[in-house]
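got a sequence here, can you model it:
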Amino acid sequence: MDADAFAISQLTREIVEIINNDTLIKQVVRNESEMIGLLIYSLQCLFNMISNSKNNNFENLLQNKYLPCSMRHYNNIECLKENLRVQANHIFQKIDFENISIAYMLRAENDFMKIFDKQTNWKSNALNTIKNMGHLNIIRNKWKSIYNDLNVYSRCKLSK
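Take a look at the predicted model:
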């Protein structure tokens, strides 16, 4: 999860830089909402491609080495939301993050199913993820308990 959070933090930094300074992309992408939406779309597609029934198993969740893909994905979306709020609050305040997330995740699902002629379990995975989100609190509490120990060795600022 730490690697995912770090990657999302870096992606957020890059997307903010593009939104603020890239005049060429502004000729193609209309606004901040669309830019954030395209990032969410790409994350959804990525997790669709790496997801399978084995890595979306919610059984023995706390004993597994890795989180199920769908839970990792939603955690990454939450990381993106938090990073935008902290790194670029001026952008975050202008957009409707929840509606953008839902719209672009659904769009990615529909495109993925058409392109690959596959049905995904996205809706059931989403429901399982939401049902199991309480486990993220356990993970967050664990992170808080080891934060100070890890911070001593970190070369980059760790997320609180």
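
just checking, A103 touches G37?
Yes: assessed by C-beta atoms under 8 Å, A103 is found in contact with G37 at 6.7 Å. The way it works is simple: take the backbone N, C-alpha and C, and place the C-beta from them, glycine included.

mind checking pLDDT for N64?
N64 carries a pLDDT score of 55 in this model.

quick one: average confidence on the helix or strand containing Y147?
Using DSSP states H and E, Y147 sits within helix 134-151. Helix 134-151 carries an average pLDDT of 72.

quick one on the thing from earlier: who has more neighbours, A103 and G37?
G37 (22 against 15; other C-beta atoms under 10 Å).

list the contacts for that one?
Going by C-beta atoms under 8 Å, 6 or more residues apart in numbering, G37 touches I100, A103, Y104.

with T23 instead?
So T23 contacts nothing (C-beta under 8 Å, 6+ apart).

over to it. Which of the three states is it?
coil (DSSP: H, G, I helix; E, B strand; the rest coil).

same deal with K157?
Put simply, K157 is coil when judged by three-state DSSP.

and it, backbone torsions?
Per-residue torsions, K157: phi -70, psi 130 (degrees, to the nearest 10).

worst-scoring helix or strand of this protein, pLDDT-wise?
Across the helices and strands of the chain, mean pLDDT, DSSP states H and E gives its lowest value to helix 122-131, namely a mean of 58.

isn't K94 up against I36?
No: between K94 and I36 there is no contact under C-beta under 8 Å: 10.1 Å.

same drill for the two, tell me which one is more crowded.
Neighbour totals were compared for K94 and I36, and I36 leads with 26 against 11 (other C-beta under 10 Å).

which residues touch the more buried one?
I36 touches I15, L80, L84, I91, I95, F97, I100, counting by C-beta under 8 Å, 6+ apart.

of those residues, which belong to strands?
With strands defined by DSSP state E, no entry of the contacts of I36 lies inside them.

can you put the residues you listed in JSON lines and add neighbour count and pLDDT?
Output for the contacts of I36, formatted as JSON lines (neighbours: other C-beta atoms under 10 Å; pLDDT from 0 to 100):
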{"residue": "I15", "neighbour count": "22", "pLDDT": "93"}
{"residue": "L80", "neighbour count": "22", "pLDDT": "93"}
{"residue": "L84", "neighbour count": "22", "pLDDT": "95"}
{"residue": "I91", "neighbour count": "20", "pLDDT": "94"}
{"residue": "I95", "neighbour count": "17", "pLDDT": "95"}
{"residue": "F97", "neighbour count": "18", "pLDDT": "92"}
{"residue": "I100", "neighbour count": "20", "pLDDT": "92"}
